[in-house]
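Asks: Sequence first, predicted coordinates after that:
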Amino acid sequence: MKQLSRIQTALMLAFLVTVWGINWPLTKAALAYSPPLLFAGIRTLIGGLLLLMVAVPRFKKLRFKETWPIYLISAILNITLFYGLQTVGLNYLPAGLFSAIVFFQPVLMGVFSWLWLGEPMFPLKIAGLILGFAGVAVISAAGFGGHISIAGILLALGSAVSWALGTVFMKRTGGRVDSIWMVALQLLIGGGLLVSSGSFSESFSAIQWKAPFILSLLFISVFVIALGWLVFFTLVGSGEASKVASYTFLIPLISIVVSSIFLHEPLTVSLLAGLLLIVTSICFVNITPKKLKTPALAAEKKAVH
């Protein structure tokens, strides 16, 4: 894939971090108008249909009969569980707090990549993983004191685990499928599973098709899901995977600030302290020692080309 210029990379990263940060408070606000599973499914299906238009010209690369299990497993981990758990969980926790726990995912990726992808484990990464666990513990401590929902914390952690497992699975199988078809089909399959689940436990008549809900639905479907995933894989495919990972800490920060301003969510000491620990942990996990950097870059370039 063609290498991106610094300006292109910077603009794409700024777009991705901004829309994925706004997504959390926007989703929280939209849940006042819709049951969670149906909302998660509808927005994901719309995003998938938009990406399908991008994928159709690459039909020869689909090879669905050979690769359908990859699409199905990826859809369950990255879409059905990830979006399903987070959309339900936002009913139990403030959006900023929930996003801070979910973006513990890069730290979990450090463990899973070491276990299943053979990526190196070094002292700084170990320190980062410990700090990450400490950050989640600090944020979660209020829940054990009865101040926030334990169910919400568990749903946020479940969302982070499913996303981390889904990302590892995609890294292991990415060479066997087309990246655009992978994103489009996992959105369509995962969205279909969410709508099916929601239709059994929720009611379409409960959706209030008012202007704020429709605008939120369209913004999330187009910018957060369709364009967001497309930009994410463009960056990863051009060799910017580590840079994307290192900037994800800005997403919960944006979510917390936007949620505080527009949803009037409190900025507690434990939330800020836990977020600081998680931010530090993500930075540590994504700093590769010089002696490991050259082989890693060579392997990444080989995988891209």
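Replies: Happy to help now that I have it. Numbers count the residues shown, from 1 in each chain.

Asks: looking at it, residue 21 is touching residue 255, isn't it?
Replies: Yes. With contacts defined as C-beta atoms under 8 Å, residue 21 counts as touching residue 255 at a distance of 4.9 Å. For the C-beta atoms, the positions are set from N, CA and C on the backbone; glycine is no exception.

Asks: What distance do you get for residue 90 to residue 103?
Replies: Counting by C-beta to C-beta, to the nearest Å, the gap between residue 90 and residue 103 amounts to 14 Å.

Asks: Equivalent analysis for residue 225, please.
Replies: Counting by C-beta to C-beta, the gap between residue 225 and residue 103 amounts to 17 Å.

Asks: Check residue 45 too.
Replies: Distance from residue 45 to residue 103, by C-beta to C-beta: 25 Å.

Asks: Check residue 93 too.
Replies: Shown here: residue 93 relative to residue 103, a distance of 14 Å by C-beta to C-beta.

Asks: For stretch 31-43, list every residue counted as buried.
Replies: Residues of stretch 31-43 classed as buried by neighbour count (16 or more other C-beta atoms under 10 Å): 31, 33-43.

Asks: Show the contacting residues for residue 254.
Replies: Applying C-beta atoms under 8 Å, 6 or more residues apart in numbering to residue 254 gives the contacts 17-18, 21-22.

Asks: For those residues, work out which two are farthest apart.
Replies: Comparing all pairs in these by C-beta to C-beta, the longest separation belongs to 17 and 22, at 9.7 Å.

Asks: For the stretch 151-300 of the chain, give me the ranges with low pLDDT.
Replies: Applying pLDDT under 70 to the stretch 151-300 of the chain flags residues 236-246, 286, 288, 290-300.

Asks: how about the strands in the stretch 151-300 of the chain?
Replies: Applying DSSP state E, counting those that start in this stretch to the stretch 151-300 of the chain gives no strands.

Asks: the helices in it, which residues?
Replies: Counting by DSSP state H, counting those that start in this stretch, one finds helices in the stretch 151-300 of the chain at the ranges 179-201, 211-219, 228-237, 241-247, 250-262, 269-285, 290-304.

Asks: Nearest to residue 108, out of those helices?
Replies: The closest of these to residue 108 is helix 269-285. By C-beta to C-beta, the value is 9.7 Å.

Asks: Would you mind pulling up the elements that that closest one packs against?
Replies: Counting contacts by 3 or more C-beta pairs under 8 Å, 6 or more residues apart in numbering; DSSP states H and E, helix 269-285 is packed against helix 95-102, helix 105-116, helix 123-144, helix 241-247, helix 250-262.

Asks: which neighbours do residue 21 and residue 255 share?
Replies: Residues within reach of residue 21 and of residue 255 at once, by C-beta under 8 Å, 6+ apart, are residue 99.

Asks: Could you check which of these two is surrounded by more residues?
Replies: Between residue 21 and residue 255, residue 255 has the larger neighbour count (other C-beta atoms under 10 Å), namely 29 against 25.

Asks: was I right about the more buried one contacting residue 96?
Replies: Yes. Using C-beta under 8 Å, residue 255 is in contact with residue 96, at 5.1 Å.
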